[in-house]
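Participant: Next one to model:
(one chain, ligands or ions: 1)
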Amino acid sequence: MNRRLTVAMDGPAGSGKSTVARRVAEKLGYLYLNSGAMYRAMTLLAIREGVSPTNVEELVKLAQSCRIDFADNGQTTLLNGENVSEQIRTLEVEQIVSDISKIAEVRPAIVNQQRRIGNKGEIIAEGRDVTTVVFPNADLKFYLDASVEERARRRFAESKAKGIDCTLEQIKEDIRIRDEKDRSREHSPLQKAKDAIVVDTTDRTIDQVVDLIAEQIISLQ
Ligand code: DC
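Facilitator: Predicted coordinates:
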């Protein structure tokens with residue numbers, strides 16, 4: 001019998017969770033839910049509407065009135081029907097998304113949208129709080145991690161490939177700061193769920209991690 005499982009995966013920046021979640025979803029024909037993309041879409045909307053990251057009341061109204069969806073099995077992010085996949089990756093969005101996503105009052109509206117998308121199962125959700133807050137009853141939970149050095153090396157290689165001028169030391173420092181912010185924020189901090197399977201990706205290839213996770217899912221279906 002094939003059960004329509006809900007799979008949730010959290011982890012720090014550079015742990016490989018986005019690539020792994022997307023690839024596992026492709027392999028199994030599951031829907032890939034990138035929860036970070038939804039906070040980015042909400043941030044883009046705030047920028048467009050001229051709403052400041054400190055204007056909680058207006059931000060809540062925006063979060064409650066917008067509709068965020070995915071197409072092409074999670075590759076395309078739609079904000080009120082418009083394809084914003086590229087615009088949510090700009091530096092402008094990058095710089096304020098953590099200020100908006102840390103606001104407690106904004107999160108419930110986005111979490112509701114994540115549950116709306118995920119409620120039929122056959123989904124792999126990925127983010128910072130999908131194992132703890134969004135889908136606490138997920139059938140399978142994973143926590144992906146890797147050493148700071150390895151995560152910095154991965155981000156460094158990605159940045160170099162995009163032609164961005166940076167040093168490995170700078171990236172390592174950025175990762176340390178982002179880890180600290182993600183783990184210490186008051187609402188929905190990044191933490192290992194008690195029932196999550198921890199996968200250390202430091203010395204594993206993407207293919208090895210994808211296979212390991214896909215096997216666990218298949219064995220439970
Ligand atoms: O994974 P990402 O870098 O695209 O996430 C963008 C931002 O959204 C990041 O600052 C953390 C935040 N985020 C969150 O607060 N909760 C999630 N479940 C996913 C991302």
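Participant: going forward, measure contacts and count neighbours with C-alpha atoms only.
Facilitator: Fine.
Participant: Mind telling me what element Asp179 is part of?
Facilitator: Using DSSP states H and E, Asp179 sits within helix 168-184.
Participant: ok, for the spatially most central residue of the chain, nearest residue in space, not its chain neighbours?
Facilitator: Centroid-nearest residue in the chain: Gly127, 3.0 Å away (criterion: CA atoms, centre = their mean). Distances taken as CA to CA, 6 or more residues apart in numbering place Asp10 nearest to Gly127, at 5.0 Å, with adjacent residues excluded.
Participant: burial of Asp99, as a residue count?
Facilitator: By other CA atoms under 10 Å, the residues close to Asp99 number 12.
Participant: Correction: the previous question concerned Ala41.
Facilitator: Neighbours of Ala41 using other CA under 10 Å come to 27.
Participant: Wasn't it part of a strand?
Facilitator: No. Ala41: not assigned to a strand; according to DSSP: H, G, I helix; E, B strand; the rest coil it is helix.
Participant: Skipping adjacent residues, who's closest to it in space?
Facilitator: Ile88 (5.9 Å).
Participant: ok, now which ones touch Thr201?
Facilitator: 15-16, 144-146, 209 (CA atoms under 8 Å, 6 or more residues apart in numbering).
Participant: you'd agree the residue nearest to the centre of the chain is up against Ala37?
Facilitator: No. Using CA atoms under 8 Å, Gly127 is not in contact with Ala37, being 9.2 Å away.
Participant: Give me the buried positions along stretch 206-220.
Facilitator: Buried residues in stretch 206-220, counting neighbours by 16 or more other CA atoms under 10 Å, are found at 209-210, 213-214, 217.
Participant: Restricted to strands, list the residues you listed.
Facilitator: Judged by DSSP state E, strands contain none of the buried residues of stretch 206-220.
Participant: could the residues you listed go into TSV alongside pLDDT and distance to the ligand?
Facilitator: Below are the buried residues of stretch 206-220 laid out as TSV (pLDDT from 0 to 100; distance: CA to the nearest ligand atom, whole Å):
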residue	pLDDT	distance to the ligand
Val209	97	18
Val210	98	18
Ile213	97	19
Ala214	97	21
Ile217	96	21
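Participant: Make TSV out of the residues you listed and add distance to Ile47.
Facilitator: TSV is the format used below for these (distance: CA to CA, whole Å):
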residue	distance to Ile47
Val209	36
Val210	36
Ile213	37
Ala214	38
Ile217	39
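Participant: so where does the closest residue to Val199 other than its chain neighbours fall, helix or strand?
Facilitator: Excluding its sequence neighbours, the residue lying closest to Val199 (CA to CA, 6+ apart) is Leu144, at 4.9 Å. Using DSSP H and E, Leu144 falls within strand 140-145.
Participant: And for Arg23?
Facilitator: Arg23 belongs to helix 17-28, assigned by DSSP H and E.
Participant: what sits up against the strand holding Leu144?
Facilitator: By CA under 8 Å, 6+ apart, strand 140-145 touches 5-12, 15-17, 131, 192-193, 195-202, 217.
Participant: Alright, I will stop here.
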